[in-house]
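Q: Test case, fold it:
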Amino acid sequence: MSAQAHASAPRPLDLALLASVFVIAACGLLYELAAGALASYLLGDSILQFSTIIGTYLFAMGVGSWLSRYLERQLPAHFLRIELLVALIGGALPALLFIANAYLPGAFRWLLYGLVLAVGTLVGLEIPLVMRILKRNVAMKDLVSQVLTFDYLGALAVSLAFPLILVPRLGLIRTGLLFGLLNALVALWALYLFWHELRRRGAFVAACALVLTLLLAGLWGADRITTLAEDRFYQDRIVLTESTPYQRIVVTQGRAGQRLYLNGNLQFAESDEYRYHEALVHPAMAAHGAPKRVAVLGGGDGMAVREILKYPAVESVTLVELDPAMTRLFAEDARLRRLNADALHDPRVRVVNQDAFQWLQQGEEMFDVIVVDFPDPTNFAVGKLYTNSFYALLERRLAASGYAVVQTTSPLIARRSFWTVVATLESVGLATTPYHAHVPSFGEWGFVIAGRRPWRLPDTLPAGLRFLDLPSLPLLMHFPADMARVPAEVNRLSNQVLVHSYEREWGHVSGH
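A: You can find the predicted model right below:
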């Protein structure tokens with residue numbers, strides 16, 4: 001065998017380092033994804049947050065790669081130190097950000113980007129150091145291909161596992177700490193591999209033991225950390241939490257009864273949700289007269305379905321909710337089933353866990369009433385459900401005499417956003433009837449009825465309503481001067497003007 005072939009043949013040490021590259025890449029990408037997910041949860045506008053986090057992280061990696069040129073001697077020792085720092089800072093990143101959001105909200109953004117810069121710089125140092133260590137025994141052409149192959153494989157593995165397995169099953173805090181442990185184990189492995197090259201071995205042993213102890217303690221107390229942060233943020237006692245690929249679901253219990261939060265935004269309060277859901281459902285349902293086929297888009301809590309089932313003419317209700325965890329929780333948890341009066345167990349109700357945009361595109365079934373109960377357009381992923389493209393699909397699924405009703409943010413706080421939705425519905429040829437109701441948890445809240453025929457005042461309403469009655473119904477359609485119509489642009493997929501106006505008007509105030 002030639003000397004060159006012998007130099008190219010990977011040794012066990014080289015294979016161990018290449019395996020470390022796989023772990024390093026997986027951990028580095030996970031910290032980036034965790035920071036982006038947390039920024040989206042807590043700051044809104046997922047596209048903006050992920051874009052700026054990824055850009056900052058990649059910039060920091062470039063800085064780290066450039067700085068690696070100044071590390072000339074004792075490369076294994078430098079690699080070990082960097083690995084321990086990545087383990088500690090990256091692993092603790094989600095927990096630190098959750099706590100900062102609860103106790104130091106003004107410092108959250110600074111800490112977020114500070115941690116991203118720190119982790120990105122350290123990760124940028126890692127790969128060049130590994131390559132320089134491997135260069136001792138692996139030919140350059142093989143070195144680059146092997147390191148990049150393992151790097152990309154690690155990134156692929158975590159990019160699939162993060163939304164599908166890790167966050168839903170472990171949550172962000174526990175996932176971060178687990179991958180911090182993986183980085184720490186790589187450091188421990190490096191300590192074993194390069195034992196004879198290291199000076200001050202006792203200090204390295206102590207550092208590895210300390211980092212591993214801290215991360216294991218964090219894993220053991222992960223639930224306590226989450227509770228500490230969320231109790232402070234939500235104030236009321238938390239009775240249910242679940243992280244899904246789509247959102248963080250939190251239910252609290254306090255003086256106002258149970259409250260539902262999605263990604264930190266209040267969705268309903270038990271004490272006054274009846275006002276919201278009666279206003280959402282009954283003006284359209286009662287005006288139709290005898291609706292048989294009804295669809296609910298969003299509204300996985302089943303509250304709108306509860307109100308719809310008060311009409312004896314209803315033969316079927318199709319509930320289209322993206323997140324299966326929402327419909328599962330509100331169908332199985334006894335506390336939540338009580339709130340929706342077991343509506344999701346009614347034989348007339350069919351649950352479809354699918355993106356509403358795709359569902360409208362793929363089906364042909366027509367409906368007498370379609371209730372649209374999406375969260376506010378805080379980001380482009382939700383904003384697409386308020387575009388003229390979406391409303392054109394909605395119009396196609398309405399029966400000739402049918403009505404759609406859309407929850408439409410606050411016409412008082414987000415006045416231009418409210419009238420943007422009205423203008424967008426009208427742009428697809430639908431006649432609109434905007435109205436509003438006072439819901440104490442949210443303030444003045446807006447809705448829009450849309451159909452091919454003008455809305456008419458109903459003659460009757462179901463018995464037993466707590467908020468709506470026939471004399472007060474016309475008052476909901478009156479808009480005082482500070483909520484009156486203003487010129488507004490049509491919201492299109494190509495511009496998403498609604499998301500921008502919503503952000504300007506609400507700032508970081510939690511929406512519905």
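
Q: Next up, the contacts around the residue nearest to residue 263 when sequence neighbours are not counted.
A: Spatially, and ignoring its direct neighbours in sequence, residue 263 is nearest to residue 41 (4.6 Å; C-beta to C-beta, 6 or more residues apart in numbering). Yep, even glycine has a C-beta here, placed from its N, CA and C like the rest. Neighbouring residues of residue 41 by C-beta atoms under 8 Å, 6 or more residues apart in numbering: 247, 248, 263, 264.

Q: With residue 369 instead?
A: With C-beta under 8 Å, 6+ apart, residue 369 has these contacts: 284, 285, 288, 291, 294, 295, 308, 402, 403, 404, 405.

Q: Neighbours of the fourth one, how many?
A: The number of residues packed around residue 291, counting by other C-beta atoms under 10 Å, is 23.

Q: So it is in contact with residue 310, correct?
A: No - using C-beta atoms under 8 Å, residue 291 makes no contact with residue 310, being 11.4 Å away.

Q: where in the chain is pLDDT low?
A: Residue ranges of the chain with pLDDT under 70: 1-18, 44-46, 134-147, 231-232, 507-512.

Q: Got the domain ranges for it?
A: For the chain, the structural domains run 3-231, 232-267, 272-506, going by automatic domain parsing.

Q: Quick check: residue 406 is in a helix.
A: No - Residue 406: not assigned to a helix; according to DSSP: H, G, I helix; E, B strand; the rest coil it is strand.

Q: my read: it touches residue 451, true?
A: No - with contacts counted by C-beta under 8 Å, residue 406 stays clear of residue 451, the gap being 11.6 Å.

Q: and the residue nearest to residue 263, helix, strand or coil?
A: Look at residue 41: counting by three-state DSSP, its state is helix.

Q: Could you report the neighbour count for residue 443?
A: Neighbours of residue 443 using other C-beta under 10 Å come to 11.

Q: which non-adjacent residue is nearest it?
A: residue 410 (5.9 Å).

Q: dump the residue contacts of the one you found.
A: Here residue 410 is in contact with 418, 442, 443, 444, 445, 446 (criterion: C-beta under 8 Å, 6+ apart).

Q: Report the spatially nearest residue to the first one, omitting neighbours in sequence.
A: By that I understand residue 418. residue 411 is the one closest to residue 418 (C-beta to C-beta, 6+ apart), at 4.0 Å.

Q: Also residue 195?
A: residue 201 (6.8 Å).

Q: Skipping adjacent residues, who's closest to residue 400 in space?
A: Nearest one to residue 400, counting by C-beta to C-beta, 6+ apart, is residue 452 at 6.3 Å.

Q: measure that neighbour to residue 357 for me?
A: To residue 357, residue 452 is 21 Å away according to C-beta to C-beta, to the nearest Å.

Q: same check, this time on residue 308
A: Applying C-beta to C-beta, the value for residue 308 to residue 357 is 22 Å.

Q: do residue 465 as well
A: 32 Å.

Q: So the two - more neighbours on which side?
A: Using other C-beta under 10 Å, the more surrounded residue of residue 465 and residue 357 is residue 357, with 19 against 14.

Q: Can you give me the distance of that one to residue 40?
A: Taking C-beta to C-beta, one finds residue 357 at 19 Å from residue 40.

Q: Wait, a helix at residue 199?
A: No - counting by three-state DSSP, residue 199 is not part of a helix but coil.

Q: Three-state assignment for the residue nearest to residue 443, please.
A: On the basis of three-state DSSP, residue 410 is classed as coil.

Q: What about it? Give its phi and psi, please.
A: phi -90, psi 120 (degrees, to the nearest 10).

Q: now the strands: where do they sit in the stretch 1-150 of the chain?
A: For the stretch 1-150 of the chain, applying DSSP state E, counting those that start in this stretch gives no strands.

Q: And the stretch 351-500 of the chain, by the same measure?
A: Using DSSP E, counting those that start in this stretch, strands in the stretch 351-500 of the chain cover 367-373, 398-407, 431-439, 443-451.

Q: Out of those, flag the one nearest residue 278.
A: With C-beta to C-beta, the closest approach to residue 278 among the strands of the stretch 351-500 of the chain belongs to strand 431-439: 8.2 Å.

Q: same for that closest one, what does it pack against?
A: helix 273-288, helix 415-426, strand 443-451 (3 or more C-beta pairs under 8 Å, 6 or more residues apart in numbering; DSSP states H and E).

Q: In a markdown table: those, plus distance to residue 322.
A: Shown next, in a markdown table, are those (distance: least, C-beta to C-beta, whole Å):
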| stretch | distance to residue 322 |
| --- | --- |
| helix 273-288 | 19 |
| helix 415-426 | 20 |
| strand 443-451 | 21 |
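
Q: In contact with the residue nearest to residue 236 when sequence neighbours are not counted, which residues are there?
A: Spatial nearest neighbour of residue 236, chain neighbours left out: residue 254 (3.2 Å); criterion: C-beta to C-beta, 6+ apart. Residues counted as contacts of residue 254 (C-beta under 8 Å, 6+ apart) are 235, 236, 237.

Q: Test my guess that the second one contacts residue 251.
A: No - when contacts are counted by C-beta under 8 Å, residue 236 is not listed as touching residue 251 (9.6 Å).

Q: Neighbour count: those two, which is higher?
A: residue 251 (24 against 18).

Q: which residues touch that one?
A: 238, 239, 240, 241, 258, 259, 260, 261, 335, 336.

Q: Any idea what it is bridged to?
A: Judged by DSSP bridges, the bridge partners of residue 251 are residue 240, residue 260.

Q: From residue 285, how far off is it?
A: Distance from residue 251 to residue 285, by C-beta to C-beta: 27 Å.

Q: and if you look at residue 424?
A: For residue 424, the distance to residue 285 - C-beta to C-beta - is 23 Å.
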